[in-house]
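In: Could you look at this predicted model? Sequence included:
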Amino acid sequence: MKVTVDLKERAYDIVLQEGARHRLEVFLREHCPNAHAKVIITSSSLRAQPWFDFATGLGAHIIEVPEGESAKTFATLELLCEQLAALELSRSDVVIGVGGGAVTDLAGFAAAVYLRGIDVVQVPTTLVGQVDAATGGKTAINLRAGKNLVGAFHQPLGVFCDFETLETLPERERLSGLGEIAKCWLLEGRAAGDLESASLNDLVLMSVRLKASIVAADEFEGGRRALLNYGHTLGHALEVLALARDADELRHGEAVAVGLAYAVRLAHALGRVDAAEIVNHDEVLRILGLGQGVPTELATNDIVTAMGHDKKAHHDLTFVLPGANGFEVVRGIEPETIVQVLESFRGEQ
Ligand code: GLY
């Protein structure tokens, strides 16, 4: 299967299939004929996976970066760019990000800034990476003040989503991906009941198609692309607070799932949707096996402050919410309403 991100002269394909990684060699020969050096950026645990076999035939250098979000720092970026320079990577060469969202975010950002931009191909190996992070050209590292606060738009030459890499995915990582899939399902306005008959591959394809169409229409998030942040205002805040306590407390998509359950309650409190929409959201999250609980250790005040630090907040708390006109970015909600709905949501748990 192939989904095209139609960005005219920078259009590219997302290849989705079992064994997609094995198509990379031919792809690089065709799309990067002048590349003398190829560099795979990955982590040591991924390098040890059986599916990493594909790298052998590529003749690529391999650079390992730290696992997970801990890779998305200035220090790692600097070290990585020094390593690219030591390998004498030139503008005609190519970087290949192989890993989850953190690796592809970092690899993409290094490719965006090294020599003011070289080509990157993404091979997302987690569900979050396949359905969201690796497609669309958003690349970034984190600051203490929040996730993804330093980054660049840098579209890949291609994305290879190999379903075989998902077979060895730990359960928490799978759940995290399902959080992003739940977001896409709800953004598409689909009913919970139809989820039962969908296979995981169908769900990945649905999410990738949605993302590709939104990115093609609004590459730089001037409008519609912001809808992909549904559930992320609370989700990012929970993720940042949880990361500061324990890197394993809450994965990205798990936090987004909580954010979705909260967002629909906020929309209901604002009179934008009726109670049936809350039921539908809760059912989608339940069928996908996602929890909705805000970690009890986090104080509501800290969560609200962290929501204000989200880079999409624009000095005001900003939420993507459903309503009579579909999904919209909503600003200017009374802080008391935000807090009251959060307290009442926490009270349900
Ligand atoms: N992850 C949201 C976006 O790419 O816009």
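Out: Yep, it's here. Given the structure is predicted, the values throughout are model-derived calculations rather than measurements. Residues are numbered from 1 along each chain as shown.
In: tell me the SS of E69?
Out: Using DSSP: H, G, I helix; E, B strand; the rest coil, the structure places E69 in helix.
In: which SSE is the closest residue to it other than its chain neighbours in?
Out: Leaving aside its chain neighbours, E69 sits nearest to A102 (5.2 Å; criterion: CB to CB, 6 or more residues apart in numbering). Quick note: C-beta positions are derived from backbone N, CA and C, even for glycine. Element membership for A102, per DSSP states H and E: helix 101-113.
In: Next, see if that helix gets close to the ligand.
Out: No: judged by CB under 6 Å from any ligand atom, helix 101-113 stays clear of the ligand, getting no closer than 8.8 Å.
In: The next helix or strand after that helix: how far from the chain's middle?
Out: Where DSSP H and E defines the elements, the next helix or strand beyond helix 101-113 is strand 119-124. Centroid separation for strand 119-124 versus its chain: 14 Å, with CA atoms, centre = their mean, to the nearest Å.
In: circling back: distance check, the residue nearest to E69 against K72.
Out: 6 Å (CB to CB, to the nearest Å).
In: for E180, same thing?
Out: The value you get for E180 to K72, if CB to CB is used, is 18 Å.
In: neighbour-wise, which of these two wins?
Out: Neighbour totals were compared for E180 and K72, and E180 leads with 29 against 25 (other CB atoms under 10 Å).
In: Help me confirm that the more buried one comes into contact with V208.
Out: No: counting by CB atoms under 8 Å, E180 does not reach V208; the two are 10.7 Å apart.
In: For these two, list the residues in contact with both.
Out: V131 (CB atoms under 8 Å, 6 or more residues apart in numbering).
In: Quick one: the strands in the stretch 201-349 of the chain, in order.
Out: 319-321, 328-330 (DSSP state E, counting those that start in this stretch).
In: The ligand: which of those is closest?
Out: Minimum separation from the ligand across the strands of the stretch 201-349 of the chain (CB to the nearest ligand atom) falls at strand 319-321, 10.7 Å.
In: tell me which strands and helices the closest one is in contact with?
Out: helix 232-245, helix 252-269, strand 328-330 (3 or more CB pairs under 8 Å, 6 or more residues apart in numbering; DSSP states H and E).
In: ranking the ones you listed by burial, who's on top?
Out: helix 252-269 (a mean of 26; mean count of other CB atoms under 10 Å).
In: average model confidence for it?
Out: The average pLDDT for helix 252-269 rounds to 97.
In: Looking at whichever residue of the stretch 201-349 of the chain sits closest to the ligand now. What's its pLDDT?
Out: Per CB to the nearest ligand atom, L228 is where the stretch 201-349 of the chain lies closest to the ligand, at 3.9 Å. L228 is assigned 97 on the pLDDT scale.
In: Number of residues surrounding the nearest residue to it once chain neighbours are set aside?
Out: Excluding its sequence neighbours, the residue lying closest to L228 (CB to CB, 6+ apart) is I214, at 6.1 Å. A count of neighbours around I214, defined by other CB under 10 Å, yields 21.
In: what's the answer for the one 3 residues further on, then?
Out: Applying other CB under 10 Å, we find 12 other residues in the vicinity of A217.
In: what does the one 3 residues further on give?
Out: Other residues within reach of F220, judged by other CB under 10 Å, total 10.
In: so who does it touch?
Out: By CB under 8 Å, 6+ apart, the residues touching F220 are F153.
In: can you check A134 too?
Out: Contacts of A134 (CB under 8 Å, 6+ apart): 97, 101, 104, 122-124, 156, 159, 161.
In: Kindly report the same for T73.
Out: By CB under 8 Å, 6+ apart, the contact list for T73 reads 141-142.
In: on that earlier part again, hmm, the residue nearest to E69 is touching G68, no?
Out: Yes: if you go by CB under 8 Å, A102 and G68 touch, sitting 5.2 Å apart.
In: Which elements pack onto the worst-scoring helix or strand of the chain on mean pLDDT?
Out: In the chain, no helix or strand scores lower on mean pLDDT, DSSP states H and E than helix 232-245, which sits at a mean of 89. In terms of contacts (3+ CB pairs under 8 Å, 6+ apart), helix 232-245 is packed against strand 146-153, helix 252-269, helix 300-308, strand 319-321.
In: Any chance of CSV for the ones you listed, columns distance to N201?
Out: Output for the helices and strands packed on helix 232-245, formatted as CSV (distance: least, CB to CB, whole Å):
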stretch, distance to N201
strand 146-153, 28
helix 252-269, 17
helix 300-308, 34
strand 319-321, 27
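In: Quick one: closest of those to G293.
Out: Judged by CB to CB, the one of these that comes nearest to G293 is helix 252-269, at 6.7 Å.
In: Output the contacting helices and strands for that closest one.
Out: If contacts are counted by 3+ CB pairs under 8 Å, 6+ apart, helix 252-269 sits against helix 127-128, helix 171-187, helix 232-245, helix 275-287, strand 319-321, helix 335-347.
In: let's go with 6 Å and repeat that
Out: Under the contact definition 3 or more CB pairs under 6 Å, 6 or more residues apart in numbering; DSSP states H and E, helix 252-269 sits against helix 171-187, helix 232-245, helix 275-287, strand 319-321, helix 335-347.
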